[in-house]
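Trainee: Turn this into a model:
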Amino acid sequence: MASYNKVVLMGNVTRDPEVRVTPKGTSIAKIGLAVSRKFSTESGEKKEETTFVDVDFIGKVSDVVSKYVKKGDPILIDGRLKLDQWEDKKTGEKRSKLGIFGENLQLLSRPSTPPTGGGSNVDRYNQQQLPVTARQAAAGVTNDGPVSADDDVPF
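Mentor: Next up, the predicted model:
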């Protein structure tokens, strides 16, 4: 049986990341993502449909999410679908929810406030910056120059 589980979504973060740490020290960040689609009906009426998705990040990518992502930010994520299943404590009814396990993300806008202090961080903020992937940020890669394959750190 062939299968392939890959999701790529671009949207706006609906809430600040909720971060927790497991007893073994692994960080988990949870965010909500709003993904919109604009379309025209057969009668020519323009409509917009928004889908809200919960996204979980684990490990180093979670650390990047907790540090750089906030409500309202536009981001691009790739990951896989996951199905959470549980039993409702009040009714005993089986429940399920489809979500996303985020494996990578790109920040699509620079910070709304410049870094504090002086020096090269402020100078870099004032220059036009391209998106940095979570893997690049976790590896300490900045927008100072081209990124080589050696800069990509596997998780």
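Trainee: And the strands in this protein, which stretches?
Mentor: Remark: strands assigned in the chain by DSSP state E are 7-13, 18-21, 27-40, 46-58, 74-87, 94-107.
Trainee: how about those strands, which one is nearest Met1?
Mentor: Judged by Cβ to Cβ, the one of these that comes nearest to Met1 is strand 74-87, at 16.4 Å. Backbone N, C-alpha and C define where each C-beta goes, glycine included.
Trainee: burial count for the residue nearest to Thr51 when sequence neighbours are not counted?
Mentor: Excluding the flanking residues, the one nearest Thr51 by Cβ to Cβ, 6 or more residues apart in numbering is Val35, at 5.0 Å. The tally of other residues near Val35 (other Cβ atoms under 10 Å) stands at 14.
Trainee: distance of Lys82 from Lys97?
Mentor: When distance is defined by Cβ to Cβ, to the nearest Å, Lys82 is 9 Å away from Lys97.
Trainee: Neighbour count for the two, which is higher?
Mentor: Legend: neighbour count by other Cβ under 10 Å for Lys82 and Lys97, higher for Lys82 (15 against 10).
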